[in-house]
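pasting the structure only:
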């Protein structure tokens, strides 16, 4: 009888053993290879004026957030590449040339079928012989809706050469003026979930019951990354603290030019403008802040923030 009991206990332990093991990390080699290859293709597209990588990699509603969000940058880039490729095909020289475009030290963070890519980029260009090296720091949102990775949005901080050569707007881009209003979100449920988190964080700044630090910690991802005004990467949550407080008249969708929620499959971006805040903008210029959310492990998590100072005001 005793032997039988011991056998039962041993079998129970053996059966439980596989379930006690920590989950194996997902092999992201293939995903990483594909994204890096697409980043390289985009770089070559800039230099060679090839529209194909931009048409293939950027989603149709791709959003570029700089001093303000630009909602039709994909269309502008494709138009410019097509126009310049015709000139190059005729054996003529371009007025505006991209000499070198490269991405340095890209860091990839995966959250299921969503990835956050942070990197520095070098754009060495010239306009009619006048050369300039433009450096940018980027936080990119990549999604995998089907078999291929696509770039859905990016917040970019630009550091221009001094003095920047004057050049007029590209004729093909001039035909497509900057669109400052996004396409309406069709996933209102996700939009309301993000708004709820934004309002919760806003209330916590003045609440004794739910202190800001604890509320942010609850929503912050383990692999969270921030990009500050100087283009430095870290884990600074100060720009989360600059999120506006809840408003009684808030409605889903595009509210003002200074605040919008962008929704993607399993991801969202809350981008807003901070005005006249000496804490967030030491030089007094308005600041555009983006907070990146990902639906991962059953909950919405803040995976990145990016802040850039307006240079035009």
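Yep, that arrived. Keep in mind it's a predicted model, so treat the numbers as computed, not measured.

where in the chain is pLDDT low?
Across the chain, the ranges flagged by pLDDT under 70 are 1-23, 247-257, 276-284, 311-313.

Skipping adjacent residues, who's closest to residue 100 in space?
In space, and not counting its chain neighbours, residue 100 is closest to residue 124: 4.0 Å by Cβ to Cβ, 6 or more residues apart in numbering. In this view, the C-beta of every residue, glycine as well, is placed from N, C-alpha and C.

Do I have it right that that neighbour meets residue 97?
No - under the criterion of Cβ atoms under 8 Å, residue 124 makes no contact with residue 97, lying 9.6 Å away.

Which other helices and strands does the biggest strand by length in the chain contact?
Longest strand of the chain, by residue count under DSSP state E: strand 96-111. Here strand 96-111 touches helix 29-48, strand 114-127, strand 220-227, strand 299-309, going by 3 or more Cβ pairs under 8 Å, 6 or more residues apart in numbering; DSSP states H and E.

List the strands paired with the last one, with their directions.
Sheet neighbours of strand 299-309, with direction, are listed as strand 220-227 (parallel), strand 287-296 (antiparallel) (DSSP bridges).

And the ones you listed: which comes nearest residue 146?
Smallest distance to residue 146 across those (Cβ to Cβ): 17.4 Å, for strand 287-296.

Show me how far the closest one is from its chain's centre.
7 Å (Cα atoms, centre = their mean, to the nearest Å).

for residue 63, what are its contacts?
69, 70, 71, 73, 152, 153, 154, 182, 262, 269 (Cβ atoms under 8 Å, 6 or more residues apart in numbering).

Which helix or strand contains it?
According to DSSP states H and E, residue 63 maps onto strand 58-65.

Would you mind getting the angle between that strand and strand 299-309?
60 degrees (axes from the mean of the first three to the mean of the last three Cα atoms, to 10 degrees).

Just the buried residues of strand 58-65, please?
58, 59, 62, 63, 64, 65 (16 or more other Cβ atoms under 10 Å).

what separates the fourth one from residue 176, distance-wise?
With distances defined as Cβ to Cβ, to the nearest Å, the gap from residue 63 to residue 176 amounts to 15 Å.

What are the boundaries of the helices in the stretch 201-313 of the chain?
Assigned by DSSP state H, counting those that start in this stretch, the helices in the stretch 201-313 of the chain fall at 212-219.

ok and the strand holding residue 63 relative to helix 29-48, angle-wise?
Using the same axes, to 10 degrees: strand 58-65 against helix 29-48 is 70 degrees.

Name every strand pairing with strand 58-65 and say which way it goes.
Partners of strand 58-65 in the sheet, by DSSP bridges, are strand 69-70 (antiparallel), strand 150-159 (parallel).

Pipe those strands into JSON lines and attach distance to residue 294 per row.
JSON lines is the format used below for the strands paired with strand 58-65 (distance: least, Cβ to Cβ, whole Å):
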{"stretch": "strand 69-70", "distance to residue 294": "19"}
{"stretch": "strand 150-159", "distance to residue 294": "12"}
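
can you redo those as JSON lines with distance to residue 81 and mean neighbour count?
Formatted as JSON lines, those follow (distance: least, Cβ to Cβ, whole Å; neighbours: other Cβ atoms under 10 Å):
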{"stretch": "strand 69-70", "distance to residue 81": "16", "mean neighbour count": "20"}
{"stretch": "strand 150-159", "distance to residue 81": "16", "mean neighbour count": "22"}
